[in-house]
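Student: below are the sequence and a predicted model; questions follow.
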Amino acid sequence: MHIKMSAIKPSLLAAVTALIICAWQPAREIHAQESQQVNVYSYRQPHLIRPMFDAFTAESGIRVNAVFAKKGMLERLRNEGANSPADLVFTVDIGRLSDIQNAGLTQAVKSRKLNSAVPENLRDPKGHWFGLTARARIIVASKDRVAPGGIARYEDLAEPKWKGRVCTRSGKHAYNVALFASMMQRHGDAAAEKWLRGVKKNLARRPQGNDRAQAKAVAEGVCDVAVLNHYYLHKMMQDPKQRGWAEAVNVIFPNQNDRGTHMNISGMAMTRHAPNRANALRLMEFLAGERAQRMYAEVNGEYPVNSRIEPADAVRALGEFKRDTLALAEIAARRADASKMADRVGYNE
Ligand code: FE
């Protein structure tokens with residue numbers, strides 16, 4: 001059997017080539033050691049973080065070489081080992097940060113500036129990672145079908161009154177795993193598992209889709225309450241096709257009369273073999289500082305970790321709320337257990 005080259009469409013070839021290149025852009029500009037530069041691997045999208053890198057370069061004269069990707073960072077760092085040009089990694093969710101830490105790919109950073117800008121519960125006690133922005137895991141409820149005050153706590157999601165009325169994404173997704181881990185820390189394992197069984201029983205459908213898909217499902221009447229990260233409301237409002245999903249729901253910051261709303265972070269870590277350590281530290285301190293925190297809050301709709309900075313107007317409009325101050329390091333330590341708990345209750349089945 002012959003396979004003619006002409007049988008392979010040029011457009012397909014181009015697409016495959018583009019995919020391979022996009023998976024990890026060649027680190028064309030990255031040279032391991034040069035005095036006035038710092039090398040970054042980022043899961044954060046360029047438009048979310050580039051503006052702060054540019055501001056840092058303008059202020060310091062230090063160039064930021066960034067490689068952006070959607071996956072494979074841990075494997076890449078591991079494969080590169082001591083030869084890795086990366087000084088810093090940027091990612092979302094405590095899960096991904098602690099995975100990189102647990103793989104031994106980070107180093108401890110001691111900085112008074114960082115420690116005063118980033119609250120203690122949003123950084124690793126030994127300085128292996130630091131939060132840069134904070135996100136609230138909120139409950140949304142149908143404006144049509146749920147009276148204001150109808151639901152107020154994560155614990156309520158397991159109440160029989162919500163049978164067949166709850167939507168969430170996969171119970172194995174990092175956002176939910178962290179929430180479940182926080183329930184284990186707050187209530188103990190047995191009570192947390194009982195709760196999760198209750199939530200599972202109340203699901204309107206098998207967990208599916210991303211966070212925005214849960215708001216969409218409420219808007220379409222599939223369910224009445226859902227769990228998602230707060231910044232998706234802001235993003236849906238900016239998209240004409242999704243605006244209706246955001247407008248169909250009321251926002252509830254859970255647990256305001258007790259521990260507060262569960263928070264997660266996007267954050268940064270210095271790599272174990274960072275070749276440009278001093279520059280990397282300068283960039284970290286810049287990003288936690290007031291100017292960058294203000295810029296970051298404007299572009300991505302998250303909460304600054306630096307409490308001296310107000311969030312963007314659209315986010316502030318969601319209202320003041322009490323944050324759960326449970327240390328993310330404690331949540332990170334229970335992630336594996338929380339993930340197993342989701343399996344035990346058959347959450348995704
Ligand atoms: Fe997200």
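Tutor: In hand now; what should we look at?
Student: give me the low-pLDDT residue ranges for the stretch 1-150 of the chain?
Tutor: Residue ranges of the stretch 1-150 of the chain with pLDDT under 70: 1-34.
Student: quick one, strands of the protein?
Tutor: 37-42, 63-68, 88-92, 130-142, 166-167, 225-229, 249-252, 263-270, 303-304 (DSSP state E).
Student: mean neighbour count and distance to P207 added to these, as CSV?
Tutor: Using the backbone N, CA and C atoms, a C-beta is placed for each residue, glycine as well. Supplementary listing: those in CSV, determined by neighbours: other CB atoms under 10 Å; distance: least, CB to CB, whole Å:
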stretch, mean neighbour count, distance to P207
strand 37-42, 25, 28
strand 63-68, 20, 29
strand 88-92, 24, 20
strand 130-142, 24, 15
strand 166-167, 26, 8
strand 225-229, 25, 10
strand 249-252, 20, 18
strand 263-270, 26, 18
strand 303-304, 26, 26
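Student: distance to A314 added to those, as a markdown table?
Tutor: Compiled in a markdown table, the strands of the chain are given as follows (distance: least, CB to CB, whole Å):
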| stretch | distance to A314 |
| --- | --- |
| strand 37-42 | 24 |
| strand 63-68 | 25 |
| strand 88-92 | 20 |
| strand 130-142 | 14 |
| strand 166-167 | 24 |
| strand 225-229 | 15 |
| strand 249-252 | 12 |
| strand 263-270 | 18 |
| strand 303-304 | 12 |
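Student: so for G209, which of those sits nearest?
Tutor: G209 sits nearest to strand 166-167 of all those, at 8.4 Å, using CB to CB.
Student: quick one: average confidence on that closest one?
Tutor: Mean pLDDT, strand 166-167: 98.
Student: what does that strand contact?
Tutor: 157, 199, 202-205, 214, 217-218, 222-227 (CB atoms under 8 Å, 6 or more residues apart in numbering).
Student: just checking the distance from that strand to the centre of its chain.
Tutor: 21 Å (CA atoms, centre = their mean, to the nearest Å).
Student: try stretch 58-65
Tutor: Per CA atoms, centre = their mean, the centroid offset for stretch 58-65 relative to its chain is 26 Å.
Student: how is the protein carved up into domains?
Tutor: Annotated domains of the chain cover 37-134+264-311, 135-262+329-344 [automatic domain parsing].
Student: just the terminal-to-terminal distance for the longest one.
Tutor: Taking CA to CA, to the nearest Å as the measure, domain 37-134+264-311 stretches 30 Å from start to finish.
Student: what do you get for stretch 133-150?
Tutor: End to end - CA to CA - stretch 133-150 spans 30 Å.
Student: from the chain's centroid, how far away is that stretch?
Tutor: 19 Å.
Student: quick one: the helices in the stretch 151-300 of the chain, in order.
Tutor: 174-187, 189-202, 211-219, 231-237, 243-247, 277-288, 290-300 (DSSP state H, counting those that start in this stretch).
Student: turn the domains of the chain into CSV, including distance to K322.
Tutor: Putting the domains of the chain into CSV (distance: least, CB to CB, whole Å) gives the following:
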stretch, distance to K322
domain 37-134+264-311, 13
domain 135-262+329-344, 4
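Student: compute the number of surrounding residues for H187.
Tutor: 14 (other CB atoms under 10 Å).
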